[in-house]
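# Structure for this input, please:
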Amino acid sequence: RYASQELMADREVVLAAVKQSGEALQYASKELRADREVVLAAVLQWGWALQYASENLTADHGFMLAAVQNTQALWYVSREDVLAAIQHASAELMRADREFM
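The predicted structure is shown next:
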């Protein structure tokens, strides 16, 4: 919150910050709130950080599938993302079952 604009735009600094406290994402630059790695690190640390992600990221089903692995983030996920996650998990289970047999 009290960091300079320069620090809030420094990827290395922000990544380290969100790994310590996902809530720090809210203070990151707009560009870094659209950075998949930075946002995912924040969400994995604190699921509610997803609310600070860019709209482009939250519209990306692949990103949202990765984010929902952290159950704290489920409140923010659309019905379509949940269904996609279920279908993905089902396909993985079916493949594992065939490989086991």
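# Ranking helices and strands of the protein by mean pLDDT, which lands last?
Comparing every helix and strand of the chain by mean pLDDT, DSSP states H and E singles out helix 79-100 as the least confident one, with a mean of 64.
# so residue 57, which of the three states?
helix (DSSP: H, G, I helix; E, B strand; the rest coil).
# Next up, the contacts around the closest residue to it other than its chain neighbours.
Computed as CB to CB, 6 or more residues apart in numbering, the closest residue to residue 57 that is not its neighbour in sequence is residue 63, at 5.1 Å. Where you see a C-beta, it was placed from the backbone N, CA and C, and this is true even at glycine. Contacts for residue 63 (CB atoms under 8 Å, 6 or more residues apart in numbering) come out as 36, 39, 40, 57.
# Please, which helix or strand holds residue 63?
With elements taken from DSSP states H and E, the one containing residue 63 is helix 61-68.
# C-alpha coordinates for that helix, CSV please?
What follows is helix 61-68 as a C-alpha-only set of coordinates in CSV (Å, rounded to 0.1, in the frame of the first residue of the first chain):
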residue,chain,number,x,y,z
HIS,A,61,-10.9,-20.8,-18.5
GLY,A,62,-7.5,-22.4,-18.4
PHE,A,63,-6.4,-19.9,-15.8
MET,A,64,-9.5,-20.3,-13.8
LEU,A,65,-9.1,-24.1,-13.8
ALA,A,66,-5.7,-23.6,-12.3
ALA,A,67,-7.1,-21.1,-9.8
VAL,A,68,-10.0,-23.4,-8.6
